[in-house]
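Asker: Please find the sequence and the predicted model below.
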Amino acid sequence: MFAKDEISTLMLRDHAKVEGIIVELSKSVDKGFKARLDIFNKFKWNIEKHFFVEEKCIFSQCHNLNEADLTAISNVMLDHKEILSMINQIEDDIIQKKKPELEELKKVLLEHKKYEESFLYPLLDKELSSMQKVSITERLKSHLST
């Protein structure tokens, strides 16, 4: 599988954390407003942090990749914007005490996750230089541990 300090390993661990919070959020739909909002805020914080880490710690170091790989990264960043827009709509629903619709978000997140795990992270582990990977993984360890 992946070496302990590869980008893939660190980011898959964070994916698992976010997935666990999504499960909590799904279960909170029928709970009271405060419980639902607390779990939602935890989810939103973790997904925003995940996207920040990808974009600032990883993607900002990928300038030497070929055009096709840079386009793949650009598409992932567009996915981030779409996902955040969906999350903001869910937040509005929760604040208005409406039952949030999570199925479409879960579907989009699953597709996004599969793409990153099957293509993007392995590509980065393969194509980035050892020095780039060390720099990235050190940043990831620092930012994902909080």
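Answerer: That came in fine, so what should we check first?

Asker: Give me the below-cutoff pLDDT ranges for the chain.
Answerer: Per-residue confidence for the chain (pLDDT under 70) gives these ranges: 1-5, 146.

Asker: redo that, cut-off 50
Answerer: 1-2 (pLDDT under 50).

Asker: which residues make contact with stretch 77-88 from outside it?
Answerer: Stretch 77-88 has contacts (CB atoms under 8 Å, 6 or more residues apart in numbering) with 43-44, 47-48, 51, 54-55, 59, 104-105, 108-109, 112. In short, each C-beta sits where N, CA and C put it, glycine included.

Asker: can I get these in CSV with neighbour count, distance to residue 82 and secondary structure?
Answerer: Listed next are the contacts of stretch 77-88 as CSV, based on neighbours: other CB atoms under 10 Å; distance: CB to CB, whole Å; DSSP: H, G, I helix; E, B strand; the rest coil:
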residue, neighbour count, distance to residue 82, secondary structure
43, 23, 16, helix
44, 17, 15, helix
47, 19, 12, helix
48, 14, 14, helix
51, 17, 11, helix
54, 22, 14, helix
55, 14, 14, helix
59, 20, 16, helix
104, 11, 11, helix
105, 20, 10, helix
108, 14, 7, helix
109, 20, 11, helix
112, 17, 9, helix
